[in-house]
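Participant: Give me a model of this one.
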Amino acid sequence: MNSRSFVPSLARRLPGLRRHLPAVALCAACLAAAPLALAQTPSATCGAQPAGVVQLEATAHADVTPDRAVAVLAAVRQGSDVATLNAEVTKLLDSAVKAARATPGVQVQTGSFQTQPRYKAVAGQSQQDGWSVRAQIILKSVDFAAVGRLAGQLAQSLQVESTGTEISPELQAHELAKLTQMAIAQYRTQAQAAAHDFGYAGYTLREVNIGSLQGASPAPRPMFRAMAAVPMGEQAVPIEPGVQALGVTVSGSVQLQR
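Facilitator: The predicted structure follows:
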């Protein structure tokens, strides 16, 4: 289409375009005002945090006497023939397990069984010098004296690696329930005090986390004995329970209310 034919065509269309100009202008005005309207309306996803929310934490503590004695002993043999060493250690372990099972009130379980090479330095170089075989036996009982006597008896042929105490699952469950109640009561007291101090009438819970029992698994005390078993004349190994500090923490947030 050349310029001469375009002018009459545009002239014929102008009346129709004039009819639509008010609507076009209105749409342009709406688009121009849209950013302003959005700026004046707070976003639901970017709204401010509600007022009167307080983070709280309460911990209840108790000193508890462990109710089970624990002794860890090991059968150890060293030499050049690994098959012979394994057989000797197995025999020692079986004998110890039988003695423990014959002791009333004592629980027994086997621990790790390890066969490792030994090395020595020859002309500045590391050279294998036989094998070391070690197998563990673990004794547990609420009868501290029974574990001590049995450990002393078995120490004639085994090493006493460590002794210690632990809190039984039954006592742990009892202390967990008691300390949880105490921590919740402290948490509620803190929440009520916060509401009063900030001039509110009360509160509602928003989020609460109840922690697990802390401090129930201390490490056993090592005896630091020599590699070879040291005869003790069947003297009982003393095991004293002492006390353990247990705790339960309750944390979360509350909504203060007018």
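Participant: Look up which residues are beta-bridged to the closest residue in space to Val106 that isn't next to it in sequence.
Facilitator: Spatial nearest neighbour of Val106, chain neighbours left out: Ser141 (4.5 Å); criterion: C-beta to C-beta, 6 or more residues apart in numbering. In this view, the C-beta of every residue, glycine as well, is placed from N, C-alpha and C. Under the criterion DSSP bridges, Ser141 forms beta bridges with Ala69.
Participant: give me the number of residues near Ser141?
Facilitator: As a burial measure, the neighbour count of Ser141 was computed by other C-beta atoms under 10 Å and equals 23.
Participant: Check Ser212 too.
Facilitator: Burial measure for Ser212: 11 neighbouring residues, criterion other C-beta under 10 Å.
Participant: Going forward, the N-terminal residue is numbered 35.
Facilitator: Done: numbering now begins at 35, and the last item shifts to Ser246.
Participant: which SS class is it?
Facilitator: coil (DSSP: H, G, I helix; E, B strand; the rest coil).
Participant: Please report phi then psi for it.
Facilitator: phi -90, psi 170 (degrees, to the nearest 10).
Participant: give me the low-pLDDT residue ranges for the stretch 135-284 of the chain?
Facilitator: Of all residues in the stretch 135-284 of the chain, those with pLDDT under 70 make up the ranges 252-268.
Participant: Can you give me every residue that contacts the nearest residue to Thr93 once chain neighbours are set aside?
Facilitator: Sequence neighbours aside, Thr283 is the residue nearest to Thr93 in space, at 4.5 Å (criterion: C-beta to C-beta, 6+ apart). Each residue near Thr283 by C-beta atoms under 8 Å, 6 or more residues apart in numbering is listed here: 91-93, 217, 245, 248.
Participant: And the most centrally placed residue in the chain, how far from Val282?
Facilitator: The structure's the chain has its C-alpha centroid closest to Ser246; by C-alpha atoms, centre = their mean the separation is 8.5 Å. Taking C-beta to C-beta, to the nearest Å as the measure, Ser246 falls 8 Å from Val282.
Participant: joint contacts of these two?
Facilitator: Taking C-beta under 8 Å, 6+ apart as the contact definition, Ser246 and Val282 share the neighbouring residues Leu210.
Participant: What about the closest residue to Ile244 other than its chain neighbours, how many residues nearby?
Facilitator: Counting by C-beta to C-beta, 6+ apart, Val284 is the residue found nearest to Ile244 once chain neighbours are left out, at 5.4 Å. If you count neighbours by other C-beta under 10 Å, Val284 ends up with 23.
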